[in-house]
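[1] Need the 3D shape of this:
(2 chains)
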Protein chains: 2
Amino acid sequence: MKTKLGAVNVLYPLPTTLVGAMVGGKPNFNTIAHVGVLTVGEPQCICLGMHKSHYTNQGIKDNRAFSVNLPSLDLVKQTDYCGLVSGSKVDKAALFKVFYGELEAAPMIEGCPVNMECRLYDVVDFPSHDVFIGQIVATYADEAVLTDGKPDVAKIKPLLFDMPRKRYWTLGPDIAGCWQVGMELKRQGRD
Amino acid sequence: MKTKLGAVNVLYPLPTTLVGAMVGGKPNFNTIAHVGVLTVGEPQCICLGMHKSHYTNQGIKDNRAFSVNLPSLDLVKQTDYCGLVSGSKVDKAALFKVFYGELEAAPMIEGCPVNMECRLYDVVDFPSHDVFIGQIVATYADEAVLTDGKPDVAKIKPLLFDMPRKRYWTLGPDIAGCWQVGMELKRQGRD
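    All right, here's what the predicted structure looks like:
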């Protein structure tokens, strides 16, 4: 028996990120977990849903670049803090060791185990939000979170965001292989 | 010390969904984990990044509606299977008990603990992918996954998708409250 809830978003959890941009010539970071993956291949695009009230948005528009940094569990306080205060009042970059890759306007956080620098590909304009579509230019990872040269989500230990209950969650064990565990049904003649 | 990886997407894990649509007048379901949240408030929008080769895309365009169903861990085989075979060849709706809400063209899966029916709000056209932006119309949930009337991700037990390692992961324990755990830093006078 289903209960009808109204228009409640249940598309959670999502990975919590620290989005980096240059605002007024200085690096700033904002906590964003309303993110998504749009494409695989070329161009390889992700998106950020950012309320128009954020200080960071203008910096992304001005420079057409941003970074997406994934904090581990050990950065939970700093990550949450960066969502509680505005870069218009506080120098949040002072919390972190900042580095740059190919783009001048995509400051990244050394203390986050994986970082992506993105070119702004497009903006989808909503009444309340700017949805920034970024094309991934390059990705940086700590050696410690790689397995066979690939980023290993179990080592990254992402902070998983859940809006309905306003909690950060951890990743549990893996349970199966994608494009693999369903082969049994396919072999049973359903295809 | 960072290793530069090229343009590798590390924005994972994401919740695995079964996307429902009417195609040629019949319900069909496709496994999509390249999803995202775009806005909070009105309109409340999510997105699906779907390769143009999928059979489901035309149905979403024709009817301007779709559903997003979140399978629990116990549906891992069926979920993976729906990403292995095409609705052009197999009647995937036969795997599930299907129900409808307000929209005629948004078939939903009874066996998934939470379901959203969405109106197509816009399409962002990429060379390889249709990115479908959906406005949530209504959400349905099993009583068993609600806590104080709200969807509880710990009870939903979503299947979390990880592209780099091609694995499904489970949710682990929660660790902290959002807009809460960082208050300590804020009180320390950093704001």
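[2] ok, the closest residue to A:Ala154 other than its chain neighbours - how many residues close by?
    Nearest non-adjacent residue to A:Ala154, counting by Cβ to Cβ, 6 or more residues apart in numbering or on different chains: A:Leu171, 6.6 Å away. (C-beta placed from N, C-alpha, C; glycine too.) Residues lying near A:Leu171 (other Cβ atoms under 10 Å in any protein chain shown) number 23.
[3] Double-check A:Leu171 against A:Leu159; I have them as touching.
    No. Look at A:Leu171 against A:Leu159 with Cβ atoms under 8 Å: they stay out of range, at 9.4 Å.
[4] So in terms of bridging, what pairs with the residue nearest to A:Ala154?
    Here A:Leu171 sits in beta bridges with B:Leu171, going by DSSP bridges.
[5] I'd like the distance between A:Glu143 and A:Gly101.
    Remark: distance between A:Glu143 and A:Gly101 (Cβ to Cβ, to the nearest Å) = 17 Å.
[6] Sorry, wrong one. I was asking about A:Tyr121.
    Plainly put, A:Tyr121 is 17 Å away from A:Gly101 if you go by Cβ to Cβ.
[7] got the phi/psi numbers for the closest residue to A:Val114 other than its chain neighbours?
    If the residues on either side of it in the chain are set aside, A:Val114 comes closest to B:Val10, at 4.4 Å by Cβ to Cβ, 6+ apart. Main-chain torsions, B:Val10, degrees, to the nearest 10: phi -120, psi 20.
[8] neighbours around B:Val10, how many?
    When neighbours are defined as other Cβ under 10 Å, B:Val10 has 28 of them.
[9] and it, what is it in contact with?
    B:Val10 is in contact with A:70, A:114, A:116, A:139, A:141, A:151, A:156, B:164, counting by Cβ atoms under 8 Å, 6 or more residues apart in numbering or on different chains.
[10] Return the residues in contact with the third one.
    Counting by Cβ under 8 Å, 6+ apart, A:Met116 touches A:46, A:67-69, A:134, A:136-140, B:7-11.
[11] Quickly run through the sheet partners of the helix or strand harbouring it, with directions.
    Assigned by DSSP states H and E, A:Met116 falls within strand A:114-125. Applying DSSP bridges to the sheet, strand A:114-125 is found paired with strand A:65-70 (antiparallel), strand A:129-142 (antiparallel).
[12] Go through the helix or strand just after the shortest one and flag the buried ones.
    In other words, strand A:65-70. Using DSSP H and E, the helix or strand that follows strand A:65-70 towards the C-terminus is helix A:76-82. For helix A:76-82, a neighbour-count test (16 or more other Cβ atoms under 10 Å in any protein chain shown) marks A:76-82 as buried.
[13] filter those down to the ones close to chain B.
    Contacts with chain B are made by A:76-82 out of the buried residues of helix A:76-82, judged by Cβ under 8 Å from any Cβ of the partner chain.
[14] Show me which of those is closest to A:Lys52.
    Nearest to A:Lys52 out of these is A:Cys82 (Cβ to Cβ; 18.2 Å).
[15] Excluding chain neighbours, what is closest to the closest one?
    A:Thr31 (4.5 Å).
[16] I'd assumed B:Leu5 was in contact with A:Ile136.
    No. A:Ile136 is not in contact with B:Leu5 according to Cβ under 8 Å; the separation is 10.1 Å.
[17] Between those two, point out the one with more neighbours.
    Ranked by neighbour count (other Cβ under 10 Å), A:Ile136 and B:Leu5 place A:Ile136 first, with 22 against 19.
[18] OK, contacts around the more buried one?
    Applying Cβ under 8 Å, 6+ apart, we find A:Ile136 in contact with A:44-46, A:116-118, B:7-9.
[19] Could you dump these into JSON lines with pLDDT and distance to B:Lys26 added?
    JSON lines is the format used below for the contacts of A:Ile136 (pLDDT from 0 to 100; distance: Cβ to Cβ, whole Å):
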{"residue": "A:Gln44", "pLDDT": "97", "distance to B:Lys26": "33"}
{"residue": "A:Cys45", "pLDDT": "98", "distance to B:Lys26": "31"}
{"residue": "A:Ile46", "pLDDT": "98", "distance to B:Lys26": "33"}
{"residue": "A:Met116", "pLDDT": "98", "distance to B:Lys26": "40"}
{"residue": "A:Glu117", "pLDDT": "98", "distance to B:Lys26": "44"}
{"residue": "A:Cys118", "pLDDT": "98", "distance to B:Lys26": "39"}
{"residue": "B:Ala7", "pLDDT": "96", "distance to B:Lys26": "38"}
{"residue": "B:Val8", "pLDDT": "97", "distance to B:Lys26": "38"}
{"residue": "B:Asn9", "pLDDT": "98", "distance to B:Lys26": "33"}
